[in-house]
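Participant: I'll drop the sequence and a predicted model, then ask my questions.
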There are 2 protein chains.
Amino acid sequence: MTARLADIAAQAGVSEATVSRVLNGKPGVASATRDSVLTALDLLGYERPARLRERSAGLVGLITPELENPIFPAFAQVICQALTRQGYTPVLATQTPGGSTEDELTEMLVERGVSGILFISGLHADTTADMGRYERLRGHGVPFVLINGWSPRVRAPFVSPDDRAAVRLALTHLVSLGHRRIGLALGPARFVPVQRKIEGFLAGMAAELGLGEDAARGLVAHSLYTLEGGQAAAGELLARGCTAIICASDMMALGAIRAARQRGLSVPERCSVIGFDDSPLIAFTDPPLTTIRQPVPAMGQAAVRALLEEIGGTPAPPSEFVFLPELVVRGSTAAAPPPAA
Amino acid sequence: MTARLADIAAQAGVSEATVSRVLNGKPGVASATRDSVLTALDLLGYERPARLRERSAGLVGLITPELENPIFPAFAQVICQALTRQGYTPVLATQTPGGSTEDELTEMLVERGVSGILFISGLHADTTADMGRYERLRGHGVPFVLINGWSPRVRAPFVSPDDRAAVRLALTHLVSLGHRRIGLALGPARFVPVQRKIEGFLAGMAAELGLGEDAARGLVAHSLYTLEGGQAAAGELLARGCTAIICASDMMALGAIRAARQRGLSVPERCSVIGFDDSPLIAFTDPPLTTIRQPVPAMGQAAVRALLEEIGGTPAPPSEFVFLPELVVRGSTAAAPPPAA
């Protein structure tokens, strides 16, 4: 076999180690490289190993809570693409209202023999959920990676945006525009990203405006992650005199804009609004939304890389990979209106 | 067993036939009805049949060409929900640039033992593609339903919007606003929905404006289905003097708006634009997009119903289910600008 390896490597213009990785179906070889090794095999008249006649290195599951918020299809697209490049077949399983739960989808994927699972905004993000489900999954020998959430009770790779830094970025931008009464519209308080955003908000309000914790907490409103949720939370914050609102999702920000307009406040002249995610199409809204961009491509690729290391038996120590978001300034933020307008 | 069936039916308040359908795991029973039968079983102390302890009636695959255009996640959400209500587990498989092809995804799903497959905007919509792949799939005993496309060479249920009527709706609206030079911006000419839109356009231009076929064909531009594609096609049509542009997707319409503005033409005052799909978030664009709404919920549910009939062995005669779209008038269309403005 040594002679054959050398022949194939010479024909393909790659190292023998690479040829060996390809022939043994190991991940981590660029698909163009793999193709050139397979082509070399064909040219030299060798038969392809059985496993390489099938394209797929295995199924990998991806579980999302829904697809209506465009951030989830955006993650799915990046992750499916990264998996496919590595020879895996991605299976996207989505929770639906009144439909399958995360546990049912997980069980289905395990029954179907997936090599691993990626969870986006799953129960790992819910501080009231039982984390035993993830340890049981590990017990089944199924590696997994958790995106947008964190728990000290689960030993696995986590991938998150830096929620604290995200709110701080938004806050600094609004303070520089002269806003002093700044509200934070969030989803339910039990979620890790919500709690982290509050931490960033309290620290930022203290550092930038010298506001005490109780006063700052009075500028936080919880609702649902939807447009209507954002509208409700923003309504409360406007009633408390806020001139600017930082929202936990772009959908909530669209709801906040609607709430402001319903009260006769134009955006951004009388009320500034900042979203979170930088969803597709959000640059085309009226006004174009200033928002915090989740680094979806980098996060998705890191999650796939971490999962493939787990599948390959060379896991990194369980830890959290935290990605710095960026503020994208568009048309929904402007200088604070004059006091007592 | 007769006595038991009658007891269970009485307890659940349904017919014995329905109880029988539920106990035998047949599809076509509303999930609330199925739940009440199962509850009756529990109350009467009967053990649930083994198959009903598992939630899933089987895997059903859904293949989409991408997830970036929000119409595909919208279809996926409706279809996954409808499948889940019927006890099936949906598996969403998405093509990715440089990744798996439709054939590879199909093969993967067949290998994983799916009960059936739904294809959205697949090769069945491409008049240059080999339709033998679908007959081979039928040969494997895998039922399937094809959404947004049609071929006389495939015997299967098709589900489509009425593309001809859609363009006619848009045209009538623009003519009533005084537009005479109306352009049509489409995807590549080889796709069935594109060809049907052209048919609707030619018929409408003849009927409403008395325009001959050659003159009307001069107002059709082909490009890609993307924003940049819409921008390119609209650029051509504006150069040909169009005051209004009907686009084959909402993404293309956003590109058309950009093209108009680049030429100093405000939308809708100097140029009207109509989209196609009514994607999520598209009501929030600047200006809010006038568009043709694909009846996604009705189409998705019909596709699932047709597939379940095929899976259940009671297929309808192969035919096409055509859904009438509706025009949603928002802010991107207005009266034609005065001639020689």
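Facilitator: On my side now, so go ahead.
Participant: Excluding sequence neighbours, find me the nearest residue to the residue in the stretch 101-250 of chain A that chain B sits nearest to.
Facilitator: Residue nearest to chain B within the stretch 101-250 of chain A: A:M108 (4.8 Å; C-beta to the nearest C-beta). (C-beta placed from N, C-alpha, C; glycine too.) Spatially, and ignoring its direct neighbours in sequence, A:M108 is nearest to B:T89 (4.8 Å; C-beta to C-beta, 6 or more residues apart in numbering or on different chains).
Participant: buried set for the helix or strand harbouring the residue of the stretch 101-250 of chain A closest to chain B?
Facilitator: Assessed by DSSP states H and E, A:M108 sits inside helix A:102-111. Residues A:102, A:104-109 are the ones in helix A:102-111 that count as buried (16 or more other C-beta atoms under 10 Å in any protein chain shown).
Participant: Tell me how far the residue nearest to A:M108 lies from B:Q301.
Facilitator: Plainly put, B:T89 is 18 Å away from B:Q301 if you go by C-beta to C-beta, to the nearest Å.
Participant: neighbour count winner among the two?
Facilitator: Neighbour totals were compared for B:T89 and B:Q301, and B:T89 leads with 25 against 17 (other C-beta atoms under 10 Å in any protein chain shown).
Participant: My understanding was that that one contacts B:G58; is that so?
Facilitator: Yes: assessed by C-beta atoms under 8 Å, B:T89 is found in contact with B:G58 at 7.0 Å.
Participant: ok, for whichever residue of the stretch 201-341 of chain A sits closest to chain B, nearest residue in space, not its chain neighbours?
Facilitator: Per C-beta to the nearest C-beta, A:D286 is where the stretch 201-341 of chain A lies closest to chain B, at 3.6 Å. Excluding the flanking residues, the one nearest A:D286 by C-beta to C-beta, 6+ apart is B:D286, at 3.6 Å.
Participant: Using PDB, write out every CA atom in stretch A:105-123.
Facilitator: Extracted in PDB, the C-alpha atoms of stretch A:105-123 (Å, rounded to 0.1, in the frame of the first residue of the first chain):
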ATOM      1  CA  LEU A 105     -36.300  16.100  17.600                       C
ATOM      2  CA  THR A 106     -33.100  15.100  19.400                       C
ATOM      3  CA  GLU A 107     -34.500  11.500  19.900                       C
ATOM      4  CA  MET A 108     -35.500  11.400  16.200                       C
ATOM      5  CA  LEU A 109     -32.000  12.400  15.100                       C
ATOM      6  CA  VAL A 110     -30.300   9.900  17.500                       C
ATOM      7  CA  GLU A 111     -32.600   7.200  16.200                       C
ATOM      8  CA  ARG A 112     -31.500   8.100  12.600                       C
ATOM      9  CA  GLY A 113     -27.900   7.600  13.500                       C
ATOM     10  CA  VAL A 114     -26.600  11.200  13.300                       C
ATOM     11  CA  SER A 115     -22.800  11.700  13.900                       C
ATOM     12  CA  GLY A 116     -23.500  14.800  16.000                       C
ATOM     13  CA  ILE A 117     -26.000  17.600  16.700                       C
ATOM     14  CA  LEU A 118     -25.800  21.400  16.800                       C
ATOM     15  CA  PHE A 119     -28.400  23.200  18.900                       C
ATOM     16  CA  ILE A 120     -29.200  26.800  18.300                       C
ATOM     17  CA  SER A 121     -31.000  28.800  21.100                       C
ATOM     18  CA  GLY A 122     -32.200  25.600  22.600                       C
ATOM     19  CA  LEU A 123     -33.000  24.600  26.200                       C
END
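Participant: where does that stretch sit relative to the chain's centre, distance-wise?
Facilitator: Stretch A:105-123 sits 17 Å away from the centroid of its parent chain (C-alpha atoms, centre = their mean, to the nearest Å).
Participant: Likewise for stretch A:153-161?
Facilitator: On C-alpha atoms, centre = their mean, the centre of stretch A:153-161 falls 12 Å from the chain's centre.
Participant: same check, this time on stretch A:266-278
Facilitator: Put simply, stretch A:266-278 sits 22 Å off its chain's centre (C-alpha atoms, centre = their mean).
Participant: swap in stretch A:198-215?
Facilitator: With C-alpha atoms, centre = their mean as the basis, stretch A:198-215 stands 26 Å off its chain's centre.
Participant: and what of stretch A:287-306?
Facilitator: A distance of 6 Å separates the centroid of the chain from that of stretch A:287-306, by C-alpha atoms, centre = their mean.
Participant: Run through the strands of the stretch 201-341 of chain A in chain order.
Facilitator: A:220-222, A:244-247, A:272-277, A:290-293, A:320-323, A:326-328 (DSSP state E, counting those that start in this stretch).
Participant: for those strands, which one ends up most surrounded?
Facilitator: Among those, the stretch with the highest mean neighbour count (mean count of other C-beta atoms under 10 Å in any protein chain shown) is strand A:244-247, at a mean of 32.
Participant: What parts of the stretch 201-341 of chain A come near chain B?
Facilitator: Residues of the stretch 201-341 of chain A that fall close to chain B, judged by C-beta under 8 Å from any C-beta of the partner chain: A:254, A:279-282, A:284-288.
Participant: List only buried entries from these.
Facilitator: Judged by 16+ other C-beta under 10 Å, buried ones among these: A:254, A:279-282, A:284-288.
Participant: Flag the least confident of these.
Facilitator: Of all these, A:P280 carries the smallest pLDDT score, 80.
Participant: Pull out the buried residues from the helix ranked longest in chain A.
Facilitator: In chain A, taking DSSP state H as the definition, the longest helix is helix A:192-209. Neighbour-count burial for helix A:192-209, with 16+ other C-beta under 10 Å as criterion, is recorded at A:192-198, A:200-205, A:208.
Participant: One more: stretch A:174-186?
Facilitator: Within stretch A:174-186, the residues scored as buried using 16+ other C-beta under 10 Å are A:174-175, A:179-186.
Participant: Any chance you could list what contacts that stretch?
Facilitator: Here stretch A:174-186 makes contact (C-beta atoms under 8 Å, 6 or more residues apart in numbering or on different chains) with A:167, A:171, A:194, A:197-198, A:201, A:205, A:208-209, A:219-223, A:230, A:233-234, A:237-238, A:240-248, A:252, A:256, A:272, A:274, A:333-336.
Participant: For it, list the C-alpha coordinates in PDB.
Facilitator: The C-alpha trace of stretch A:174-186 is given here as PDB (Å, rounded to 0.1, in the frame of the first residue of the first chain):
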ATOM      1  CA  LEU A 174     -26.700  56.200  22.100                       C
ATOM      2  CA  VAL A 175     -24.900  58.100  24.800                       C
ATOM      3  CA  SER A 176     -22.600  59.700  22.200                       C
ATOM      4  CA  LEU A 177     -25.800  60.900  20.500                       C
ATOM      5  CA  GLY A 178     -26.900  62.600  23.700                       C
ATOM      6  CA  HIS A 179     -29.400  60.100  24.900                       C
ATOM      7  CA  ARG A 180     -29.700  59.700  28.700                       C
ATOM      8  CA  ARG A 181     -32.900  57.800  29.200                       C
ATOM      9  CA  ILE A 182     -32.200  54.600  27.400                       C
ATOM     10  CA  GLY A 183     -34.400  51.500  27.600                       C
ATOM     11  CA  LEU A 184     -33.600  47.800  27.100                       C
ATOM     12  CA  ALA A 185     -36.400  45.600  25.600                       C
ATOM     13  CA  LEU A 186     -35.700  41.900  26.100                       C
END
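Participant: Thanks again, I'm all set now.
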